[in-house]
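> Have a look at this prediction, sequence included:
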Amino acid sequence: MALAKAQMLVPGLSIHDAAPAEDEEGLHRLALWILQRFSPLVSADPPDGIVIDSTGADHLHGGEGAMLDAIIGRLAMSGVEARAAIADSWGAAHALARHLARSTFVAERGRTLFLLSPLPLEALRLPVTMTADLRTLGFRTIGDLHRQPRAPLALRFGPQLARRLDQALGEMAEPIDPIQPLGQIEARRVFAEPIAAAETIARYIGKLVTTLCAALEARGLGACRLDLLVHRVDNRLQAVRVGMALPTRDARRLTRLLCDKIETIDPGFGIETMVLVAASAEPLAMKQAASSLVEAARPDISGLVDTLANRIGGRALYRMAAVASDVPERSVQRIPAMAPDTGSGWPDHWPRPARLLARPDPIETMALLPDHPPASFTWQGVRRRVRRADGPERVFGEWWKRDAELEAVRDYFRVEDEAGERYWIYRAGDGEDPATGSHRWFLHGIFG
């Protein structure tokens with residue numbers, strides 16, 4: 001549409017000059033951000049896309065779906081609206097991300113043709129003129145093209161149409177040219193003869209790690225994340241990523257973590273180049289070993305944490321830490337396994353249950369208001385008579401977080417039934433003023 005016509009149709013239209021160079025620079029910075037945090041193989045896909053090969057890295061983020069949710073969520077917090085898809089090929093992921101009305105989509109393996117068939121021709125990354133000509137001939141979707149013989153189409157439109165269709169269906173390779181940050185620390189090995197045996201790959205991994213650790217030590221750094229890039233003779237590129245909880249230059253540990261991933265590498269007809277990159281590195285100062293004559297050495301479990309995190313994913317490995325909050329469900333948080341102590345502690349003036357329910361469970365009670373514990377309560381269809389009780393412990397709402405908690409209170413009781421089981425229950429409200437709560441009872445925890 002002409003600018004003058006647009007201004008006439010929309011009074012006060014905001015107009016900005018296009019800046020393709022700045023857009024490309026911003027896309028490159030975004031690709032670098034994804035490279036450092038999510039996957040070792042990332043490339044910009046101008047004008048508005050980024051292509052990611054997540055093979056060998058998605059397990060560190062809890063799987064493909066969780067990784068996409070993390071990417072889209074972090075972009076949304078930065079004010080960037082995006083959509084993402086994972087499929088068997090670059091072309092299929094490109095099409096699904098742009099032509100499905102979903103923020104994230106993970107395609108099932110082997111169903112590429114079924115998913116792409118109803119999509120429009122524009123999803124194949126064809127020139128605009130070619131798409132227009134195809135529509136003139138009656139083609140509307142990718143499925144329409146796939147059902148037609150290839151020879152007449154190739155004669156009319158050239159090889160590009162068939163190539164794009166084969167790339168989208170995964171029948172033709174489309175290698176990614178990954179970006180490389182400036183100044184990254186890496187070790188490279190080019191082989192005169194391609195290698196394929198797992199033992200040979202493991203041996204050269206050890207040599208690459210030794211070289212990389214020497215380069216890290218020269219700069220006073222420790223590796224937090226390593227990427228092993230494997231270039232095959234058929235021009236395919238594979239990657240393996242391992243992460244560490246703390247910066248390290250321990251060559252034996254890093255070699256072991258990488259060798260555990262050898263089974264995920266498909267050497268094909270042979271590997272001609274291996275590159276080991278320190279994707280993330282932090283300062284690591286030399287430390288003097290503690291003397292057993294002065295103090296007992298603290299056990300170092302970082303190696304165990306690294307092994308488990310690279311096998312089951314970093315999100316599945318965590319520890320609990322206290323949060324400065326009197327509301328029980330807000331007084332705990334998950335932190336990385338090797339994160340430093342937060343300095344906060346749980347209140348010790350009242351006992352806390354060994355098991356805290358994720359959500360308080362409603363119960364039916366018989367109790368005298370306002371300060372008496374219940375004489376009995378029914379939970380999960382079983383009526384329990386209270387033999388002993390202690391309380392109440394009053395917990396006030398956090399009015400600075402939500403206005404609804406300005407007057408809200410809870411009265412907690414520790415109760416013991418006739419079988420000796422002890423529970424942590426509370427009443428929502430003070431038992432008198434309806435503004436303080438619903439006066440319903442809930443079970444929130446179980447004492448061991």
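Yep, that arrived.
> Alpha carbons of stretch 431-444, as CSV, please.
As requested, the backbone C-alpha atoms of stretch 431-444 are provided in CSV (Å, rounded to 0.1, in the frame of the first residue of the first chain):
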residue,chain,number,x,y,z
GLY,A,431,-13.3,-17.2,63.3
GLU,A,432,-15.2,-14.0,63.8
ASP,A,433,-14.8,-11.4,61.0
PRO,A,434,-15.8,-12.6,57.5
ALA,A,435,-13.4,-10.1,56.0
THR,A,436,-10.4,-12.1,57.3
GLY,A,437,-11.3,-15.3,55.4
SER,A,438,-13.9,-17.9,54.4
HIS,A,439,-13.6,-19.7,57.8
ARG,A,440,-13.2,-23.0,56.0
TRP,A,441,-10.7,-25.6,57.2
PHE,A,442,-7.8,-27.0,55.2
LEU,A,443,-5.1,-29.7,55.8
HIS,A,444,-1.7,-28.2,54.8
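> just how off-centre is that stretch within its chain?
When distances are taken as Cα atoms, centre = their mean, to the nearest Å, stretch 431-444 is centred 39 Å away from the chain's centroid.
> Could you list the residues in contact with that stretch?
With Cβ atoms under 8 Å, 6 or more residues apart in numbering as the test, stretch 431-444 has contacts from 328, 353, 356-357, 360-365, 367, 369-371, 374, 377, 379, 407-412, 423-430. Just so you know, the C-beta spots here come from the backbone N, C-alpha and C atoms, and that holds for glycine as well.
> Any of the residues you listed buried? List them.
Restricting the contacts of stretch 431-444 to buried positions leaves 328, 353, 360, 363, 365, 367, 374, 377, 379, 407-412, 423-430, with burial counted as 16 or more other Cβ atoms under 10 Å.
> Among those residues, which lie within strands?
Taking DSSP state E as the definition of strands, those contribute 360, 363, 365, 367, 374, 377, 379, 409-412, 423-428.
> Whichever strand or helix holds Ala97: which residues count as buried?
According to DSSP states H and E, Ala97 maps onto helix 90-99. Buried positions in helix 90-99, judged by neighbour count with 16+ other Cβ under 10 Å: Trp90, Gly91, Ala92, Ala93, His94, Ala95, Leu96, Ala97, His99.
> doesn't His99 make contact with the fourth one?
No. Contact criterion Cβ atoms under 8 Å: Ala93 and His99 do not qualify, at 11.3 Å.
> that older thread, ok, residues contacting the helix holding Ala97?
The contact list for helix 90-99 (Cβ under 8 Å, 6+ apart) reads 45, 49, 51, 83-87, 105, 107, 112, 115-116, 119-120, 122-125, 142, 164, 167-170, 174, 176.
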